[in-house]
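> What follows is a predicted structure for the sequence shown.
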Amino acid sequence: MKRVLIVGAGMTGSLCAALLRKVSGTLYLAVWDKAGDSGGRMTTASSPHNPLCTADLGAQYVTCTPHYAKKHQIFYDELLAHGILKPLTSPIEGMMMKEGDCNFVAPQGISSVVKHYLKQSGAEVYLRHCVTQINLRNGKWEVFKETGSPEQFDLVVLTIPVPQILQLQGDFANLISECQRQQLESVSYSSRYALGLFYEAGTKIDVPWAGQYITSNPCIRFVSIDNKKRNIESSEIGPSLVIHTTVPFGVTHLEHSIKDVQELILQQLENILPGLPQPVAIKCQKWRHSQVTSGPAKCPGQMTLHLKPFLMCGGDGFTQSNFDGCITSALCLLEALKNHI
Ligand SMILES: Cc1cc2nc3c(=O)[nH]c(=O)nc-3n(C[C@H](O)[C@H](O)[C@H](O)COP(=O)(O)OP(=O)(O)OC[C@H]3O[C@@H](n4cnc5c(N)ncnc54)[C@H](O)[C@@H]3O)c2cc1C
């Protein structure tokens, strides 16, 4: 039985796993992620006081253009049929809407999309498995993680942000060609911070919108009442607020302490929404690799790094930095993998 490892339990890795399972029911499929939960940049954080009080700290909603409504229709239809995606009906002020676009939210949090695909894949998902090194050993890949023994796989698929691929050690670093390295080095990302504020049940945040793009603040770009955005307001679960910073703020404060950055964002928030109630918990998330700003022109969807044994990489770094970009990449990964399983 072939052993396949997918590194990264984000949207690309989880969908790639689900698609791979559909074409081969027999292979051993494992997904490793360094984080404590699946979702990647489609993460949903919970309040430490109430796991039902949640906030999407990365991707906020899925914008489906007429082109992808057709091209990826089976994915949209399936997620809508399962109630994982629902149309966005709450007002988002300042949102750029193009004709024919539809927006969707995930009522159970955006990470529920990723969890849906992981479940469908039947893969063994290992969290807190940070891949550090990849070596060639007897015609297989020996994959090292931060703790514990290395494991061997016949095929490896990397779906981690490209700068993190370039940090991998071992034979991997010498096996990729200079041309591939240059292409990988050409992928760049924006950086920003996200803040999640969690409130007690019954707290009122009295604003007429569910989300708002801010254009006049150097620090804050977007604010949303996350439970209102997802249309799941309830008297038993407290509201949650999500703040995204601007990219210039993210870049300037990239190496500063999370505590200091959190304080700065809260000070600016007071200017935008004065007199907000006191949250019961706050989570500050640094997105060092937030959205892709430039990628390699010549490898749409994926890049094959080694043929025997097979090693490839994909993710939004090779397409567009959004939900449809991840679907495109997962489909390209599958197409290339099919010949090797
Ligand atoms: C703030 C923000 C807002 C966004 N808004 C939207 C939006 O509204 N709509 C939209 O469609 N898209 C949005 N995006 C983009 C979208 O989230 C991404 O395109 C998508 O989530 C990328 O998925 P991925 O699986 O390719 O990568 P990721 O989600 O980054 O998954 C990669 C995974 O690899 C893991 N990993 C990294 N290194 C290692 C390692 N060494 N070992 C093991 N695991 C590792 C990470 O923990 C992560 O879980 C947003 C992103 C951000 C950050």
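That came through fine.
> near the ligand, which residues of the stretch 201-341 of the chain?
244, 287, 290-291, 315-316, 321-323, 325-326 (C-beta under 6 Å from any ligand atom). (Glycine included, C-beta is placed from N, CA and C.)
> can I get these in TSV with distance to Ala194?
Shown next, in TSV, are those (distance: C-beta to C-beta, whole Å):
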residue	distance to Ala194
His244	5
Trp287	6
Ser290	9
Gln291	12
Gly315	19
Asp316	17
Ser321	15
Asn322	16
Phe323	17
Gly325	20
Cys326	19
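> Tell me which two of those sit farthest apart.
Pairwise distances across these peak at 20.7 Å for His244 and Gly315 (criterion: C-beta to C-beta).
> Who has more neighbours out of these two?
When His244 and Gly315 are compared on other C-beta atoms under 10 Å, the one with more neighbours turns out to be Gly315, at 35 against 25.
> Gly10 versus that one, what's the distance?
When distance is defined by C-beta to C-beta, to the nearest Å, Gly315 is 7 Å away from Gly10.
> Stretch 77-89 close to the ligand?
No. Judged by C-beta under 6 Å from any ligand atom, stretch 77-89 makes no contact with the ligand; its nearest approach is 10.4 Å.
> May I have the phi/psi pair for Arg181?
Main-chain torsions, Arg181, degrees, to the nearest 10: phi -60, psi -40.
> Surely it and Ile165 touch.
No. Arg181 sits out of contact with Ile165 when judged by C-beta atoms under 8 Å, with a separation of 10.1 Å.
> What strand or helix carries the residue lying closest to Asp324 once chain neighbours are set aside?
With C-beta to C-beta, 6 or more residues apart in numbering as the criterion, Asp324 has its nearest non-adjacent residue at 4.5 Å, and that residue is Tyr68. Secondary structure from DSSP states H and E places Tyr68 in helix 66-71.
> And Thr63, by the same measure?
strand 62-64.
> So which bits of the lowest-mean-pLDDT helix or strand in the chain are buried?
Lowest mean confidence among the helices and strands of the chain (mean pLDDT, DSSP states H and E): helix 171-175, at a mean of 89. The neighbour-count check on helix 171-175 (16 or more other C-beta atoms under 10 Å) flags 171-172 as buried.
> what helices or strands is that helix leaning on?
Packing partners of helix 171-175 (3 or more C-beta pairs under 8 Å, 6 or more residues apart in numbering; DSSP states H and E): strand 131-137, strand 302-306.
> Let me know the pLDDT of the residue minimising distance to the centre of the chain.
Centroid-nearest residue in the chain: Arg41, 2.3 Å away (criterion: C-alpha atoms, centre = their mean). Reading off the confidence values, Arg41 has pLDDT 98.
> Between Arg181 and Ile165, point out the one with more neighbours.
The neighbour count for Arg181 versus Ile165, taken as other C-beta under 10 Å, is higher for Ile165 (23 against 13).
> Contact residues of the stretch 51-200 of the chain facing the ligand?
58-62, 129-131, 159-161, 164, 192, 194.
> Contact partners for the nearest residue to Gly39 once chain neighbours are set aside?
Once flanking residues are discounted, Gly39 sits nearest to Ser111: 3.3 Å by C-beta to C-beta, 6+ apart. Applying C-beta atoms under 8 Å, 6 or more residues apart in numbering to Ser111 gives the contacts 37-39, 42-44, 56.
> repeat for Thr43
35, 37, 56-58, 110-111, 285.
> domain parsing for the chain?
1-36+127-187+298-340, 43-110+189-294 (the TED database).
> how about these in TSV, adding distance to Gln120?
Converted to TSV, the domains of the chain look like this (distance: least, C-beta to C-beta, whole Å):
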stretch	distance to Gln120
domain 1-36+127-187+298-340	4
domain 43-110+189-294	9
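> if we can go back for a sec, among the residues of the stretch 51-200 of the chain next to the ligand, who's most crowded?
That'd be Thr159 among these, by other C-beta under 10 Å, with 32 neighbours.
> Quick check: phi and psi on that residue?
Dihedral angles (degrees, to the nearest 10) for Thr159: phi -120, psi 30.
> what bits of this protein have low per-residue confidence?
Counting by pLDDT under 70, the chain shows low-confidence ranges at 297-299.
> dump the residue contacts of the residue with the largest distance to the centre of it.
Residue farthest from the centre of the chain, counting by C-alpha atoms, centre = their mean, is Asn138 at 33.9 Å. Asn138 makes contacts with Gln152, as judged by C-beta under 8 Å, 6+ apart.
> quick one: stretch 137-152 to chain centroid distance?
25 Å (C-alpha atoms, centre = their mean, to the nearest Å).
> Could you do stretch 23-42 as well?
That offset, for stretch 23-42, works out to 13 Å (C-alpha atoms, centre = their mean).
> Wondering if it reaches the ligand at all.
Yes. Using C-beta under 6 Å from any ligand atom, stretch 23-42 reaches the ligand at 32-35, 40-42.
> and these, which of them are in strands?
Trp32 (DSSP state E).
> Fine, thanks again, bye for now.
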